[in-house]
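Colleague: When you get a sec, could you give me coordinates for this:
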Amino acid sequence: MRFSQIILLKNGKEALLRNGDSADGLPVFETFNATHAETDYLLSYPDENSFDPEQEAKFLEEKTNSPDEIEIIAVVDGKVVGTAGIEAVGRKHKLRHRAELGIGILKEYWGLGLGKALTKACIQCAKEAGYTQVELNVVAENEAAISLYQSLGFTEFGRNPRGFNSRISGYQELVYMKMEL
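Modeller: Residues are numbered from 1 along each chain as shown. Presented below is the predicted three-dimensional model:
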């Protein structure tokens, strides 16, 4: 899928939200590793990244050419500062109405409206792709993210008290959220 939008951040800077492509492989790889090192709220740690820059480039190209999946990158002052995307939960008939949303933003860009803009962009892309439900998982301690998702219309539909096993804090409760489109 393709997407492009310029937004104004709360600090007055412009951010370009656009689909990633193969030329973005290295900067997205570096941003992925940085975001996953800065917080314990994401699924994996940098040493668990299964991609190298070339594989990241291929992944981005596949998402750009996909009719129903996307990886959106946020660029501020020429630097990739975050990513967000939607992926199909499954391709079988009983699952193909559902998309999963994931997002990661460099910590220095938290609180500037980027998370909201990326989430809204993913919701828009999910609608255009024909999904009728978007889902995500969020660590229960991440109150700012939960508040953001609720403000956009996501609702909680369950919890897993031992959803993540953090290297830092042990088990983390996951909140399952969804939005019907």
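
Colleague: Any idea what the most centrally placed residue in the chain is bridged to?
Modeller: Nearest to the mean C-alpha position of the chain, by Cα atoms, centre = their mean, lies residue 103 at 1.9 Å. Beta-bridge partners of residue 103, counted by DSSP bridges, are residue 84.

Colleague: Counting neighbours, what do you get for residue 17?
Modeller: The tally of other residues near residue 17 (other Cβ atoms under 10 Å) stands at 21. The way it works is simple: take the backbone N, C-alpha and C, and place the C-beta from them, glycine included.

Colleague: actually residue 161, not the one I wrote
Modeller: For residue 161, the count of nearby residues is 9 (other Cβ under 10 Å).

Colleague: Got the confidence number for it?
Modeller: The score at residue 161 is 98. That number is its pLDDT.

Colleague: All the strands of the chain, residue numbers only.
Modeller: 4-8, 14-19, 70-76, 79-88, 98-105, 133-139, 155-166, 170-180 (DSSP state E).

Colleague: Which residues belonging to the last one are considered buried?
Modeller: By 16 or more other Cβ atoms under 10 Å, the buried positions in strand 170-180 come out as 172, 174-179.

Colleague: Provide a list of residues in contact with the residue nearest to the centre of the chain.
Modeller: Applying Cβ atoms under 8 Å, 6 or more residues apart in numbering to residue 103 gives the contacts 82-85, 115, 118-119, 122.

Colleague: do you know how far it is from residue 119?
Modeller: 6 Å (Cβ to Cβ, to the nearest Å).

Colleague: Identify the contacts common to the two.
Modeller: Joint contacts of residue 103 and residue 119 (Cβ under 8 Å, 6+ apart) are residue 84.

Colleague: wait, doesn't residue 66 sit right on residue 1?
Modeller: Yes: between residue 66 and residue 1 a contact is recorded at 6.0 Å, counting by Cβ atoms under 8 Å.

Colleague: Great, nothing more from me.
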